[in-house]
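1. show me how the following folds:
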Amino acid sequence: MSISTKLFSDQMLTRFSQVNEEIELRQTKISTGLEITEASEKPIEAVKLSALEQSLTQLKGFQRNTTTAQARLSLGDTVLASVDGILALLRERAISANTDTVSASDLAAIQIDVAQSREALIDLANSRTSDDQALFGGYATDIEPFGLDTNGRIQYRGDGGQHTLSASETTRLPTSVNGAEVFMQVETSDGVASIFDIVDSFEAALLTNGSYASTLSADADESLSLSFNGDRVPRDVSFDLQGPSGTVSITATDVIGGSCDQLISAINEQSSRTGVSATAVAGRLVLSAGTGTIALSALKIEGVELASLEPRFTIMTDDEPPQTMVPTAQTLDAQLEKLVLAGQDIAVSRTKVGARLKRAEVQEALLQSRALTLEIDVNELGSADLGKVVTELQALLVSRDAAMQAYARIGQSNLFDFLK
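-> Numbering: from 1, shown residues only. A predicted model of the protein is given here:
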C-alpha cells in the first residue's frame, strides 16, 4: 500500500510530538524526583500515594500536638518545682518561728518573707504558656485562674476541665494538671484547704502571735469567769479542762456563740474526774473548784481550721485587761503541719505531671516509628528511580535524533533519486 508524502509527514510529526512528551515527562521526573507527576499516568498508584500522604500529614499533626503537650507539661513541672521550693522555704520559716529564741523582730521579718512568698505563689499559679494560655485554668485558658475575692482570699476562677490534645486517632494527651486539684484541695486533719489559705493562715498566726492566749487558768478559790464568743451556727466545741482531780477532754455539741448551756452540761458531766463544776452567772460561764488550779487549753471549734487576722471564736476572761483564748488553729504551732501537707500535695501533682510527660514521650516515639514507616512507603511508591529514568531519557533522545535525521533525509529525496 502506498503512503502519500503528506500522510507520512503527519505521522512522523505526531510521533515526534509523542516522543517529546515522553522526554519532557522523564525530565520532569528527574527535576522533581517524583515517579507520579500526574494522576492520569498511574491512577491506582496515585490513589494509594494520596492516601499515604494524607495519613502522613495527619501523623505530623499528631506529632506537633505531642510536642506541644511535652512543652506544656515540662513548663508545668518547672512551675510546680518552684512552688515546692517556696513551700520548703515557708516550712523552714515556720520552724524558726516556733523556736524559743525567736524575737519580735525575727517574726516581723518572717512575716514579710511569707507575704512575698504568697505573691510569688499566686504568680506561679497564674503561669501562662508561650501561646498565652493559662496553664492551670482547665478549659478556661483565656483568663487568670486565681484571683482575690471580696474578702481578700484567693479563689479559683477556672473550671474542672482537663486540657488535652489529640496524639493519635484514639489517644488524647493531657497537657497539664487542673489548678483546682493542685492548689485548692490540700487534705488536712481539719478538712480541705487551699495552699493560699494555708499560707494566709501562717501569716495571720505571725501577725497575731502574742495577742492571744492558748491557755486560760485561775486558782480554784478565785473561780474562772468566761464568755464564749462565736456565731449563730451550732458547732462542736472541745477543749482540755484541768482541775484538782485531773485533766479531761471536754466536748460540747451544737454550741451557739454566747450560749453557755451546752458547755455547762458537758463540763458538769465530767466533774467527778476534774473536780470542776460549771454554772451560768449573768450569761457568763463560771468554773469553780474547791482547791488547786483550773485551766483550759487545746480549744478546737468545728469549722475553724486556719488562723485569721481577727479570730471570731474566742473564750475571754473577766480580767482587766481580759485574756482571750483562741482555737489551736490560730497558733504558730499549728501552721507547720499544714505547710508540710501542702508540700506533699505539690509532690503528688509533680508526680502526676511526670507520669504524663513520660506518656507523651512514649507516644512521640511511637509516632516517629509510624511516620518513618509511612515515609518509606511514600518514597517507594512516589519517588522516581533516577537511574532508570535517565537511561530511558537517553534512549528517547537518541531515538528521536535518529528518527529526525532519517525523516530529513527522506524528505530531501525526489523522483529522480528513485529513478537512478
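2. give the buried residues for stretch 278-288.
-> Across stretch 278-288, burial judged by 16 or more other CB atoms under 10 Å covers 278, 285, 286, 287, 288. Every C-beta, even on glycine, is put in place using the N, C-alpha and C of the backbone.
3. hmm, the last one is touching residue 223, no?
-> Yes - look at residue 288 against residue 223 with CB atoms under 8 Å: they come within range, at 4.1 Å.
4. all helices of the stretch 201-350 of the chain, in order?
-> Ranges of helices in the stretch 201-350 of the chain, per DSSP state H, counting those that start in this stretch, are 261-269, 271-274, 335-382.
5. now these as TSV including mean pLDDT and mean neighbour count?
-> Formatted as TSV, those follow (pLDDT from 0 to 100; neighbours: other CB atoms under 10 Å):
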stretch	mean pLDDT	mean neighbour count
helix 261-269	93	17
helix 271-274	93	15
helix 335-382	86	17
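6. anything in contact with each of residue 288 and residue 223?
-> Here residue 288 and residue 223 share the contacting residues residue 294, scored by CB atoms under 8 Å, 6 or more residues apart in numbering.
7. which element is residue 56 on?
-> helix 43-97 (DSSP states H and E).
8. returning to that earlier point: out of the helices of the stretch 201-350 of the chain, which comes closest to residue 178?
-> Nearest to residue 178, of all the helices of the stretch 201-350 of the chain, is helix 335-382, at 9.4 Å by CB to CB.
9. packing partners for the closest one?
-> Here helix 335-382 touches helix 43-97, strand 172-174, helix 179-183, strand 186-188, helix 195-208, going by 3 or more CB pairs under 8 Å, 6 or more residues apart in numbering; DSSP states H and E.
10. and that helix with helix 195-208, angle?
-> Angle of helix 335-382 versus helix 195-208, following axes from the mean of the first three to the mean of the last three CA atoms, to 10 degrees, is 150 degrees.
11. and the strands in the stretch 201-350 of the chain?
-> Along the stretch 201-350 of the chain, counting by DSSP state E, counting those that start in this stretch, strands occupy 215-219, 224-229, 235-243, 246-255, 277-281, 284-288, 293-301, 314-317, 324-325.
12. strands paired with the third one, and their directions?
-> The partner list of strand 235-243 in its sheet, established with DSSP bridges, is strand 246-255 (antiparallel), strand 293-301 (antiparallel).
13. please verify my assumption that residue 266 contacts residue 248.
-> No - Residue 266 lies out of contact with residue 248 (CB under 8 Å); the separation is 10.1 Å.
14. can you count the residues close to the closest residue in space to residue 86 that isn't next to it in sequence?
-> Spatial nearest neighbour of residue 86, chain neighbours left out: residue 117 (5.1 Å); criterion: CB to CB, 6 or more residues apart in numbering. Residue 117: 19 surrounding residues under other CB atoms under 10 Å.
15. if I look at residue 117, how far off is residue 334?
-> Going from residue 117 to residue 334 by CB to CB, to the nearest Å gives 18 Å.
16. how about the helices and strands packed on helix 335-382 in a markdown table, adding mean neighbour count?
-> Formatted as a markdown table, the helices and strands packed on helix 335-382 follow (neighbours: other CB atoms under 10 Å):
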| stretch | mean neighbour count |
| --- | --- |
| helix 43-97 | 17 |
| strand 172-174 | 19 |
| helix 179-183 | 23 |
| strand 186-188 | 17 |
| helix 195-208 | 23 |
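17. between these, which one is nearest to residue 228?
-> For the helices and strands packed on helix 335-382, proximity to residue 228 was assessed by CB to CB; helix 195-208 is nearest, at 19.1 Å.
18. ok, the nearest residue to residue 133 once chain neighbours are set aside - contacts?
-> Leaving out its chain neighbours, the residue that sits closest to residue 133 by CB to CB, 6+ apart is residue 141, at 3.8 Å. The contact partners of residue 141, by CB under 8 Å, 6+ apart, come to 133, 134, 163.
19. wait, a helix at residue 141?
-> No - if the criterion is DSSP: H, G, I helix; E, B strand; the rest coil, then residue 141 is coil and not within a helix.
20. just the pLDDT for it.
-> At residue 141, the pLDDT value in this model is 86.
21. roughly how far does it sit from residue 127?
-> In this view, residue 141 and residue 127 are 12 Å apart by CB to CB.
22. which neighbours do those two have in common?
-> residue 134.
23. contacting residues around residue 349?
-> 80, 177, 181, 182.
24. grab the nearest non-local neighbour of it.
-> In space, and not counting its chain neighbours, residue 349 is closest to residue 182: 4.6 Å by CB to CB, 6+ apart.
25. isn't that neighbour right next to residue 135, touching?
-> No - using CB under 8 Å, residue 182 is not in contact with residue 135; the gap is 10.0 Å.
26. can I get the strands of the stretch 201-350 of the chain in CSV with mean pLDDT and distance to residue 365?
-> CSV is the format used below for those (pLDDT from 0 to 100; distance: least, CB to CB, whole Å):
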stretch, mean pLDDT, distance to residue 365
strand 215-219, 88, 62
strand 224-229, 89, 64
strand 235-243, 93, 56
strand 246-255, 94, 59
strand 277-281, 92, 72
strand 284-288, 91, 70
strand 293-301, 93, 54
strand 314-317, 91, 61
strand 324-325, 92, 62
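27. so which of those gets nearest residue 102?
-> Comparing the strands of the stretch 201-350 of the chain under CB to CB, the one sitting nearest is strand 215-219, at 19.4 Å.
28. sheet partners, orientation included, of the closest one?
-> Sheet pairing of strand 215-219 (DSSP bridges) gives strand 293-301 (antiparallel).
29. what residues sit buried inside the strand it pairs with?
-> Buried residues in strand 293-301, counted by 16+ other CB under 10 Å: 294, 295, 296, 297, 299, 300, 301.
30. identify the residues contacting the first one.
-> Think residue 294. Contacts of residue 294 (CB under 8 Å, 6+ apart): 217, 218, 219, 220, 223, 224, 241, 242, 243, 276, 287, 288.
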